[in-house]
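Asker: Next come a sequence and a model predicted from it.
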Amino acid sequence: MKICVLNLSGNVGKSTLAIHLLAAYSPRARILSVESINASAADRMPGLDVEELGASRFKEILRELMQGEDVIVDVGASNVAGFMTEMKRFTSAVGEFDWVLVPTVPALKQQLDTIATIDWLHELGLDGGKVRVIFNQYASDTQDPIQVVYSQVLGYAAADGKGKAVYEPHAVVDHNEVYELAKDSGQVMRELAGSTTDWRAARGDAKRAGDMVALERAMSGQMTHDLAVTAHENLARVHAMLFNVRSANDTEPAAGGRKRA
């Protein structure tokens, strides 16, 4: 499967989703990080096949798409404009993607940029059925439903954006501080969640030894694992929703119109 993750705006979690939502479930996938300023977060994941390419090397990107079967293109904010220009020049490129994921977050600027991104993809001639909006960084403890939190994007979806992208069922990725913690671990979320480390036993050993550093490490490890399990369950449901895979974690839509994901 060939998937592009992009948004005109930065700080919407493109690389995080490329790693933990996409590459984690496609171990043979090659990640093309279209970024010429900031280092790709995927470079910290030793098990991933990652190549960094600036938008100016679009011909190489297109060759990878034409040759490969499982390719994830993660377009950094600093390269989106150049990438878009090249997509217009190489008109067949748009047909190479099976999916284009457009993450959005609650911030107003990013929602407006999301709308502009979808409009641009539509003008490019991309089938709206291939464009999927991901509602990222939703605060699961909020009292506001996603219709309120992402009101700009969903208002657009009901009017000018109708048919230009897929918005429902809502693919919601909850805010979870474990994504920041995972950056230094070198592991994707499903690996962190699947850790078999016995933190309770480690805690007991540290207490008996009077080792407060080891005790703190064990307590932090347990909390990180708990958060990773929660995040992984969320990601597994979203992945199943996006790619029509049945998941044991599927649930009924939650109150307020949000499908728990």
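Answerer: Perfect, I can see it now. Because the structure is predicted, anything quoted here is derived from the model rather than measured. Numbers count the residues shown, from 1 in each chain.
Asker: Okay, strands next: where are they in the stretch 51-200 of the chain?
Answerer: Using DSSP state E, counting those that start in this stretch, the strands of the stretch 51-200 of the chain run over 71-75, 99-104, 131-138, 166-174.
Asker: Would you mind writing the CA trace of the lowest-mean-pLDDT helix or strand in the chain as CSV?
Answerer: Lowest mean confidence among the helices and strands of the chain (mean pLDDT, DSSP states H and E): strand 49-53, at a mean of 80. The C-alpha coordinates for strand 49-53 follow below in CSV (Å, rounded to 0.1, in the frame of the first residue of the first chain):
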residue,chain,number,x,y,z
ASP,A,49,13.5,1.6,6.5
VAL,A,50,13.8,5.4,6.2
GLU,A,51,15.2,7.6,3.6
GLU,A,52,15.2,11.4,3.8
LEU,A,53,14.6,13.3,0.6
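Asker: Please name the strands paired to that strand in the sheet, noting orientation.
Answerer: strand 30-34 (parallel) (DSSP bridges).
Asker: mean confidence score for the longest helix seen in the chain?
Answerer: Assignment by DSSP state H gives helix 212-242 as the longest helix of the chain. When pLDDT is averaged along helix 212-242, the result is 96.
Asker: Okay, buried residues for it please.
Answerer: Using 16 or more other Cβ atoms under 10 Å as the test for burial, helix 212-242 gives 215, 218, 222, 224-225, 227-242. No exception for glycine: its C-beta is placed from N, CA and C like everyone else's.
Asker: can you check stretch 79-89 too?
Answerer: By 16+ other Cβ under 10 Å, the buried positions in stretch 79-89 come out as 79, 80, 82, 83, 84, 86, 87.
Asker: quick one: the helices in the stretch 1-150 of the chain?
Answerer: Ranges of helices within the stretch 1-150 of the chain are 14-17, 58-67, 80-89, 108-124, 146-149, based on DSSP state H, counting those that start in this stretch.
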